[in-house]
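K.L.:
here's my sequence, what's the structure:
(one chain, ligands or ions: 1)
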Amino acid sequence: MIKTLDQLPAGILDVNAEDLYRYVENHTLVHITGQIKRPLFISILQHGDETTGWDAIKALLKNHEAQLPRSIYLLFGNVEAASKNLRQLDGQPDFNRCWPGLHRQKNTIAKKMAFITDMMAQIKPFASIDIHNNSGRNPHYAGINSLNGEFVNLASLFSETIIHFTSPDGIQSGAFAQFCPAVTIECGMSGTADGIEQTHTFLENLIRLASLKEIPGIAEHQQVLNIFSTVKIKPEISIGIQGETKKQVDFLINDDLDYLNFHMIEAGTVFGQTANDAIPMPFTVTDQIGHDITERYFEQTGNEVRLKQKVVPAMITQSIRAIRLDCLCYFMHPLSH
Ligand SMILES: [Zn+2]
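P.N.:
Below you'll find the model as predicted:
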């Protein structure tokens, strides 16, 4: 079903993400044994242009050439897309929507992911880490699907900024949350030095840690935010970014909107302008179970599209391709705990 290896191919630690396809396939799973046998599961490159995971893994493995303190299972995601520095290739599904969730999908990739999930459910890893990057400016943060203490502790080891979310369906950390503490970490823009270093440090801590039940000194500073809605742009509306897009489009998104990520923004904040009054609301906002709640959040005044109530946005991206493939952003509110 998938290719499994009990060591890394020789020479692989000397190459960048774009050359990995010469050594491994999509979904190659490598088991590297270490001193502590209960493994850490690490998933990288589910999105081919998010290379921080591979860079951090290289630093980790080079640091422990003789032996790792703990065994790891390393899953390579989309090395084909990585070779072209793309999130995914045309015709490929988003890998991080194909894991077993509410539904088990039938496509070939989903079957491979179900196979990996069932295999790891037997092994019960110490923890599962899925490493990603953002295409917009965001603080480095951790996403969890459960507010169970071990999940929060795991997330806290990476960042004080933690997001709790229960959708989208089919993500890796959601599938693994059924049998071990699982986290998605978002390490800023792909390949930036601070993201690689923070991820490397996080992995170094985890491969030595005896337990996630109690970690002294971290509980007081956590800020857990709850994602409650997703903002997409209607596919029939043509879009551009103010100051960048020269051609006439239906909706021009404000430049530098991604500076608002993780800040409380006020009602009245303008997200962009439509080309004329006849163009309908460009956004569709849906809640966690898919209900359309656009009217609660946005209104059109003349050509301007404005926010109707205050929210904390996350993952606003200025990449048209990312907006089309995924979404413009998510809205959150702080959880009291
Ligand atoms: Zn990603």
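
K.L.:
interface residues of this protein facing the ion?
P.N.:
His47, Glu50, His132 (CB under 5 Å from the ion). For the C-beta atoms, the positions are set from N, CA and C on the backbone; glycine is no exception.

K.L.:
next, the last one: secondary structure please.
P.N.:
Using DSSP: H, G, I helix; E, B strand; the rest coil as the criterion, the local structure at His132 reads strand.

K.L.:
which positions in stretch 200-207 come out as buried?
P.N.:
Using 16 or more other CB atoms under 10 Å as the test for burial, stretch 200-207 gives His200, Phe202, Leu203, Glu204, Leu206, Ile207.

K.L.:
which member of those residues is positioned nearest the ion?
P.N.:
Distance to the ion across these (CB to the ion) is lowest for Phe202, with 16.6 Å.

K.L.:
that closest one against Ile185, yeah?
P.N.:
Yes - with contact defined as CB atoms under 8 Å, Phe202 reaches Ile185; the gap is 7.0 Å.

K.L.:
which neighbours do those two share?
P.N.:
With contacts defined as CB atoms under 8 Å, 6 or more residues apart in numbering, the residues shared by Phe202 and Ile185 are Ile129, Phe158.

K.L.:
by neighbours, which of the residues of the chain next to the ion wins?
P.N.:
Glu50 (28 neighbours; other CB atoms under 10 Å).

K.L.:
skipping its backbone neighbours, what lies nearest that one in space?
P.N.:
Of all residues not flanking Glu50 in the chain, Asn133 sits nearest, at 3.9 Å (CB to CB, 6 or more residues apart in numbering).

K.L.:
what of Tyr259?
P.N.:
In space, Tyr259 is closest to Arg137, 6.4 Å off (CB to CB, 6+ apart).

K.L.:
wait, what's in contact with the one you found?
P.N.:
Arg137 makes contact with Gly188, Met189, Asp258, Tyr259, Asn261, according to CB under 8 Å, 6+ apart.

K.L.:
let's see that with 7 Å instead.
P.N.:
By CB atoms under 7 Å, 6 or more residues apart in numbering, Arg137 lies in contact with Asp258, Tyr259, Asn261.

K.L.:
and Ile2, by the same measure?
P.N.:
So Ile2 contacts His27, Leu29, Lys112, Phe115, Ile116 (CB under 7 Å, 6+ apart).

K.L.:
and the gap between the closest residue to Asn78 other than its chain neighbours and Gln105?
P.N.:
Excluding the flanking residues, the one nearest Asn78 by CB to CB, 6+ apart is Gly48, at 4.3 Å. When CB to CB, to the nearest Å is applied, the distance between Gly48 and Gln105 equals 20 Å.

K.L.:
would you mind measuring from the closest residue to Thr192 other than its chain neighbours to the ion?
P.N.:
Spatial nearest neighbour of Thr192, chain neighbours left out: Thr52 (7.4 Å); criterion: CB to CB, 6+ apart. According to CB to the ion, to the nearest Å, Thr52 and the ion sit 10 Å apart.

K.L.:
over to Ile42?
P.N.:
For Ile42, the distance to the ion - CB to the ion - is 14 Å.

K.L.:
now do stretch 36-52: distance from first to last residue.
P.N.:
Counting by CA to CA, to the nearest Å, you get 25 Å between the two ends of stretch 36-52.

K.L.:
what does stretch 84-95 give?
P.N.:
16 Å.

K.L.:
so for it, what gets flagged as buried?
P.N.:
Judged by neighbour count using 16+ other CB under 10 Å, the buried positions of stretch 84-95 are Leu86, Arg87, Gln88, Gln92, Asp94, Phe95.

K.L.:
need those in a markdown table (columns: pLDDT and secondary structure).
P.N.:
Shown next, in a markdown table, are the buried residues of stretch 84-95 (pLDDT from 0 to 100; DSSP: H, G, I helix; E, B strand; the rest coil):
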| residue | pLDDT | secondary structure |
| --- | --- | --- |
| Leu86 | 95 | coil |
| Arg87 | 94 | coil |
| Gln88 | 95 | coil |
| Gln92 | 94 | coil |
| Asp94 | 94 | coil |
| Phe95 | 96 | helix |
